[in-house]
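> what follows is a predicted protein model with its sequence.
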Amino acid sequence: MRYQAPRLMTACLFACVVSSDVLADDPEKPAQEVEIGVGYVSDNSAKFGRYNGLNKDGPYAIGNLDLQQHGEDGYYGKLRGTNLGLDSRYLRLDAGRQGRLEGFLEFDQLDVHNSEDTVTPFSGNNSLRLPGTWIKGNSTGNMPLLNNSLQSLDLETERKRYGVGLSVTPKTYWNFGVSYHHEKRDGTDSLGASMAYLSGASILPAPVDYTTDEVQAALGYNRHQGQLELAYHMSLFNNDNKSLNWENPYSQGIDSGRLALAPDNQFHQVSLSGGYQLPRNTRVTGLLSVGLMTQDESFLPYSTNTALSGPLPRNDLNGKVYITTGRLQVNARPLPKWDYNASLRYYERDNDTPKNDYNYVITDLFPGGTRRNQPYSYRQQQVEARVGYRLTARTRVSLGYNFDNTSRNQAEVNNTHEHSLKATLRTRPRNDLTASLYVVGSKRTESGGYTPLSLTTNPALRVYYLAKRSEGRAGTSINYTPTERISVSASADYVHDQYTDSTVGLRSTTHPSFSADASYTPLEHVTTYAFYTYDSDDAKQRGSQSGETRDWNAKTDDTSNTFGVGAKWDAILNKYDLGVDYVYNRSEGQIGLGRDGDFPALVNRLKSLSLHGSYHIKQNMEVRLGYRHENFNSKDWAIDGVAPDTIDQVLSLGGSSADYEQDVYTLSLRTQLE
């Protein structure tokens, strides 16, 4: 599939030549670029090529284009394509008469590669089978044919998205647009399943075969000071695999199991939005939308175990969720030194799914009793207000207030209220220096008390997004440009959350970050740069195994450091361009349990070097050379050294942390068409 792209590129070039002939009297002749060539990847690596299509070793085609043609009376045509020689590519054609009739055709493909060293004894798609000679065991170590039955498994998906759209302006103040997108995603993912209570789990290869269709339509009116738009959005999701069936590799449990996969569903939304310009530099905008999500996929039987397959209370969920959104915003600058803005936002998720009593089954072996589904709904109201004042021609201050009120059902807290204040200072004391500073304080409280939903939940535990919280944030930035050749900027931010009333649960989080970058142009055609970023996330929590009294603590500390430098030298002897870029990143995650010890560190390390140059054959044509070296290694104790039979009661897919050293070479010809 990788090598079919040049034919597609040839067809696109032909189409663009045809459109160029139609629009030959272009008065301005905008720049039109085409790049074709070949690249080479040194090794296989799912991690390196996870999203870019460079996951396999060997040659690949390079194809990029940006072709435009503009004629008289607003007629135009544009053809843009990137990475056309790879499995992750993009192509779009726009054409029409500007402001009258415009349309587009679009193709977008993305291949995602998650692993290349995973293995499994299962074969099949949505009905997984073990080898006919399989001998079951009570643990993975007692499955004598496991190692000889393992076969390579690539966890990867391919997404292809096609789009078409049309925009019409029938009259001066009216416009209408409609677009349609069809997306197909297929491949293999992983899914955990269990066949026996507290034992007998397997990580299964799960099929991905999804289709999504989307339609968007909008009718707009734009005249003088007011604008109005009525829009409709529809999304239809279909999963060709309704369930995943698999044979039980363990001696305990029944012969086969079944899991429901993502159900078919729909979403429809109608919205009305608009804006109006009032006197004294005041503008009002608003939005009102109503949406409906539905899901009526037929239920599977309770179990593959016929002894537990009793009657269901209904044939399908008949799920219905109504979404209502409203927003009103005012922005004003009534006086030269003053400006204001305020907004009201309302969001409601009303889950109107019917309630029924369902029997539940424990790993297809035991009846678990009866449970009633509890549809979750919530309502959120937000108020934001800000006032700004210009102290001097170079200094401006602002003060803002936010209020968030959220009401929930089927939650430990019925209502939460959060108040926030933000002060900002921006100044430019000199023409070459700008700086800013902000401080934010917020507090979240609850009303109605905290009530655990389950009798088995520790009553001292607090869910972090519902618990009482105090938050402080502060940040600053500076930009300094002493000369046209030198530019320096830096910024720092600090966020601290404190959950003071949480005896058990998350206690605090801290997030400091810092970044700095600089550029220097020592000569007319030479540019250099450097940057550094630091990011950290710390969290502390308390836990309990014995009740309301805490008996263990945990601390997580995630840090990331990134450093980069580069230089570019243009127009060497009016023929050559050269450039070099280097990036280094090290990220580390620590999980500490106090006196109980620490987990091994989670580490990612990346080194990336890029060299690129070009030779100008003539003014509108150049040959490009590129080289990229990337080294990545990581350590993850959760998967490193974990073979399919390492864990007694979990048949895993194996795999290991990403570790690669990759080289990519490119040679291409780039030309600007006249």
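Perfect, thanks for sending it.
> residues touching residue 447, list them.
Counting by CB atoms under 8 Å, 6 or more residues apart in numbering, residue 447 touches 414, 415, 416, 417. For glycine as for every other residue, the C-beta is placed from the backbone atoms N, C-alpha and C.
> out of the residues you listed, list just those in strands.
415, 416, 417 (DSSP state E).
> surely residue 517 meets residue 529?
Yes - using CB atoms under 8 Å, residue 517 is in contact with residue 529, at 6.8 Å.
> how far does stretch 375-393 sit from its chain's centre?
Centre-to-centre, stretch 375-393 and its host chain are 26 Å apart (CA atoms, centre = their mean, to the nearest Å).
> in the protein, which spans are helices?
5-22, 146-149 (DSSP state H).
> by mean pLDDT, show me the worst of the ones you listed.
Lowest mean pLDDT within the helices of the chain: helix 5-22, a mean of 34.
> centroid-wise, who is the farthest residue in the protein?
residue 573 (44.6 Å; CA atoms, centre = their mean).
> scan the ones in strands among the contacts of residue 447 and report the most crowded one.
residue 416 (23 neighbours; other CB atoms under 10 Å).
> any weak-confidence spans in the stretch 1-150 of the chain?
Residues of the stretch 1-150 of the chain meeting the criterion pLDDT under 70: 1-31.
> now do 50
For the stretch 1-150 of the chain, applying pLDDT under 50 flags the ranges 1-27.
> what do you get for the chain?
In the chain, residues with pLDDT under 50: 1-27.
> one step back: closest one of the ones in strands among the contacts of residue 447 to residue 59?
residue 416 (57.3 Å; CB to CB).
> the closest one against residue 443, yeah?
No - between residue 416 and residue 443 there is no contact under CB under 8 Å: 10.9 Å.
> buried set for the longest strand along the chain?
Longest strand of the chain, by residue count under DSSP E: strand 199-223. Neighbour-count burial for strand 199-223, counted by 16 or more other CB atoms under 10 Å, picks out 199-210, 214, 216, 218, 220.
> export the ones in strands among the contacts of residue 447 to a markdown table and tack on distance to residue 69?
Compiled in a markdown table, these are given as follows (distance: CB to CB, whole Å):
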| residue | distance to residue 69 |
| --- | --- |
| 415 | 59 |
| 416 | 56 |
| 417 | 58 |
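> from residue 154, how far out is residue 651?
Residue 651 is 18 Å from residue 154, where distance means CB to CB, to the nearest Å.
> and stretch 184-195, what's buried?
Residues 185, 186, 187, 188, 190, 193, 194, 195 are the ones in stretch 184-195 that count as buried (16+ other CB under 10 Å).
> closest to residue 255 out of the buried residues of strand 199-223?
residue 200 (12.4 Å).
> tell me the contacts of the nearest residue to the closest one once chain neighbours are set aside?
Once flanking residues are discounted, residue 200 sits nearest to residue 250: 4.2 Å by CB to CB, 6 or more residues apart in numbering. By CB under 8 Å, 6+ apart, the contact set of residue 250 is 136, 137, 138, 139, 195, 196, 199, 200.
> now residue 277
Listed by CB under 8 Å, 6+ apart, the contact set of residue 277 reads 225, 226, 283.
> can you do 10 Å?
If a contact means CB atoms under 10 Å, 6 or more residues apart in numbering, then residue 277 has 224, 225, 226, 227, 283, 284 as its contacts.
> CA atoms of stretch 45-53 as CSV?
C-alpha atoms of stretch 45-53 as CSV (Å, rounded to 0.1, in the frame of the first residue of the first chain):
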residue,chain,number,x,y,z
SER,A,45,10.0,0.6,14.4
ALA,A,46,6.3,0.9,15.4
LYS,A,47,7.2,3.6,17.9
PHE,A,48,9.2,5.8,15.5
GLY,A,49,6.5,5.4,12.8
ARG,A,50,3.5,5.4,15.1
TYR,A,51,1.8,8.3,13.3
ASN,A,52,4.1,9.3,10.4
GLY,A,53,4.0,6.1,8.3
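> and that stretch, how far out from the chain's middle?
How far stretch 45-53 lies from its chain's middle: 17 Å, per CA atoms, centre = their mean.
> which parts of it are buried?
Using 16+ other CB under 10 Å as the test for burial, stretch 45-53 gives 45, 46, 47, 48, 49, 50, 53.
> can you check stretch 667-674 too?
668, 670, 673.
> dump these to a markdown table, plus distance to residue 299.
A markdown table is the format used below for the buried residues of stretch 667-674 (distance: CB to CB, whole Å):
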| residue | distance to residue 299 |
| --- | --- |
| 668 | 55 |
| 670 | 57 |
| 673 | 59 |
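> let's see which of those residues end up in strands.
668, 670, 673.
> and the second one, what are its bridge partners?
Okay, so that is residue 670. Beta-bridge pairing of residue 670 under DSSP bridges involves residue 35, residue 622.
> who's in contact with it?
33-37, 62, 64, 614, 616, 620-624.
> among the residues you listed, name the buried ones.
34, 35, 36, 37, 62, 64, 614, 616, 622, 624.
> wait, which of these is closest to residue 385?
residue 64 (47.3 Å).
> the closest one against residue 34, yeah?
Yes - the criterion here is CB atoms under 10 Å, and residue 64 meets it with residue 34 at 7.6 Å.
> shouldn't residue 657 be in contact with residue 637?
Yes - in this structure residue 657 lies within contact range of residue 637 using CB under 10 Å: 9.2 Å.
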